[in-house]
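Enquirer: Sequence and computational prediction follow.
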Amino acid sequence: MRFGYSERCLAHDTGDRHPENPDRLRAIRRGLAKRHGVEYTEADPASRDAVTAVHDEGYVDELESFCADGGGNWDPDTVAGEETWDAALMSAGLAQWAAETALAGENGRRTPFSIGRPPGHHAVPDDAMGFCFFNNAAVAAQSVIDDGLADSVAIFDWDVHHGNGTQDVFYDRGDVFYASIHEEGLYPDTGDLLETGQGSGEGTTANLPLAAGAGDADYRYAVEEAIAPAIERFDPDLLVVSAGFDAHRHDPISRMRVSSEGYALLTDRMRALVDRLDAAAAYVLEGGYGLDTLAEGVSMVHETYDGRSPVVDDAEPDERTEQLVAELRTALDL
């Protein structure tokens with residue numbers, strides 16, 4: 001794969017004990033150093049116009065001033081420093097690079113994956129939250145639509161937390177489909193199954209809040225029976241995967257049971273989906289706070305595109321998962 005990366009993203013300083021810290025990117029790089037066919041690319045940072053296409057100008061101005069004054073705690077969880085402004089613009093720019101590169105025809109072993117930080121999917125149009133300042137996936141999706149590179153974009157968010165910010169940006173839009181599988185009741189406690197969009201966006205949001213303890217079989221069933229069919233019906237030009245790795249069974253801040261092999265399986269299903277649609281695919285890093293499991297997860301995505309076939313076990317999904325999937329299919333009229 002081609003990985004979008006910049007040292008500027010290491011300069012976003014959240015403090016020694018914060019789970020979203022520069023060691024996350026260092027761990028990913030160490031893991032990828034053991035893999036074949038890894039390529040790194042640095043991109044330009046996002047412009048202010050690209051950011052304000054999805055965020056309110058007043059919020060963007062306030063964040064720039066906050067960082068210029070030295071930063072601090074934006075909220076109890078979301079920490080900024082003087083370098084956060086540049087890092088956030090770079091992280092959004094790397095996501096733009098991934099989307100644009102995918103639409104330019106890069107695929108297969110050259111599929112783009114943006115590994116920037118801070119992450120983005122919790123950032124709402126007028127506020128930072130949940131470690132996120134600019135919504136990287138949303139900036140990328142909006143920019144390729146504005147630039148005429150795509151008419152429609154689907155975003156599949158497999159981070160363990162619901163991407164409330166991404167949903168909010170596109171909830172009433174018909175040209176962006178947002179789908180999320182997340183742990184029920186976990187921060188930010190959004191993403192109800194019955195939230196399917198409104199107005200022009202009715203039917204373009206799909207939320208599947210799985211019970212704590214869901215594992216590979218549950219995620220596989222959810223993708224095959226609901227998420228992939230919904231995206232296939234939408235038929236986007238580009239699929240952006242908001243790739244968080246905090247549903248891993250050994251991640252310190254969730255209770256899900258996805259294995260490293262499970263991420264290979266999710267990747268394989270997304271790769272097959274875009275092949276059926278003749279669409280482009282780009283990956284954008286979100287969460288993942290166990291350094292070893294984060295590195296393994298990203299490496300599994302890479303190895304899947306490098307030709308490795310995932311191992312599929314014969315486990316069955318939980319009955320609760322089957323019921324939720326049935327309810328989502330009904331809500332989306334699948």
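Expert: Happy to help now that I have it. Numbering: from 1, shown residues only.
Enquirer: can you pull the contacts of the nearest residue to Glu327 once chain neighbours are set aside?
Expert: In space, and not counting its chain neighbours, Glu327 is closest to Leu193: 5.8 Å by Cβ to Cβ, 6 or more residues apart in numbering. In this view, the C-beta of every residue, glycine as well, is placed from N, C-alpha and C. Listed by Cβ atoms under 8 Å, 6 or more residues apart in numbering, the contact partners of Leu193 are Asn207, Leu208, Pro209, Leu324, Glu327, Leu328, Ala331.
Enquirer: Then Asn73?
Expert: Asn73 neighbours (Cβ under 8 Å, 6+ apart): Val79.
Enquirer: List phi and psi for it.
Expert: Here is the backbone geometry of Asn73 (degrees, to the nearest 10): phi -90, psi 110.
Enquirer: Per-residue pLDDT of it, please?
Expert: Asn73 is assigned 98 on the pLDDT scale.
Enquirer: Tell me where this structure has strands.
Expert: Counting by DSSP state E, the chain has these strands, from start to end: 2-4, 39-41, 72-73, 79-80, 112-114, 153-157, 176-183, 205-210, 238-243, 280-285.
Enquirer: Could you single out the most deeply buried of those strands?
Expert: strand 280-285 (a mean of 30; mean count of other Cβ atoms under 10 Å).
Enquirer: how about JSON lines for the strands of the chain, with distance to Val169 added?
Expert: Conversion of the strands of the chain to JSON lines gives the following (distance: least, Cβ to Cβ, whole Å):
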{"stretch": "strand 2-4", "distance to Val169": "21"}
{"stretch": "strand 39-41", "distance to Val169": "26"}
{"stretch": "strand 72-73", "distance to Val169": "24"}
{"stretch": "strand 79-80", "distance to Val169": "21"}
{"stretch": "strand 112-114", "distance to Val169": "18"}
{"stretch": "strand 153-157", "distance to Val169": "10"}
{"stretch": "strand 176-183", "distance to Val169": "8"}
{"stretch": "strand 205-210", "distance to Val169": "11"}
{"stretch": "strand 238-243", "distance to Val169": "12"}
{"stretch": "strand 280-285", "distance to Val169": "14"}
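Enquirer: first vs last residue of stretch 34-44, how far apart are they?
Expert: One end of stretch 34-44 sits 27 Å from the other (Cα to Cα, to the nearest Å).
Enquirer: picking up where we left off before, how much space separates the residue nearest to Glu327 from Ile181?
Expert: In this view, Leu193 and Ile181 are 11 Å apart by Cβ to Cβ, to the nearest Å.
Enquirer: ok, the closest residue to Glu316 other than its chain neighbours - contacts?
Expert: Among residues not flanking Glu316 along the chain, Ala217 sits closest, at 5.9 Å (Cβ to Cβ, 6+ apart). Ala217 sits next to Asp313, Ala315, Glu316, Pro317, Asp318 when contact means Cβ under 8 Å, 6+ apart.
Enquirer: just those residues: which has the poorest pLDDT?
Expert: Asp313 (86).
Enquirer: Over to that one: give its phi and psi.
Expert: phi -90, psi 180.
Enquirer: Next, give me the two most distant ones among the contacts of Leu193.
Expert: Pro209 and Ala331 (12.3 Å; Cβ to Cβ).
Enquirer: hang on, the earlier thing: intersection of neighbour lists for Leu193 and Ile181?
Expert: Joint contacts of Leu193 and Ile181 (Cβ under 8 Å, 6+ apart) are Leu208.
Enquirer: check contacts around Asp292.
Expert: With the criterion set at Cβ under 8 Å, 6+ apart, Asp292 makes contact with Ala27, His250.
Enquirer: switch to 7 Å and redo it
Expert: Counting by Cβ atoms under 7 Å, 6 or more residues apart in numbering, Asp292 touches no other residue.
Enquirer: Next, count neighbours for Ala272.
Expert: Using other Cβ atoms under 10 Å, Ala272 has 11 other residues around it.
Enquirer: tell me the contacts of the nearest residue to Gly37 once chain neighbours are set aside?
Expert: Nearest residue to Gly37 in three dimensions, chain neighbours excluded: Asp306, at 5.2 Å (Cβ to Cβ, 6+ apart). Residues near Asp306 by Cβ under 7 Å, 6+ apart: His36, Gly37, Arg109.
Enquirer: Brilliant, that's me finished.
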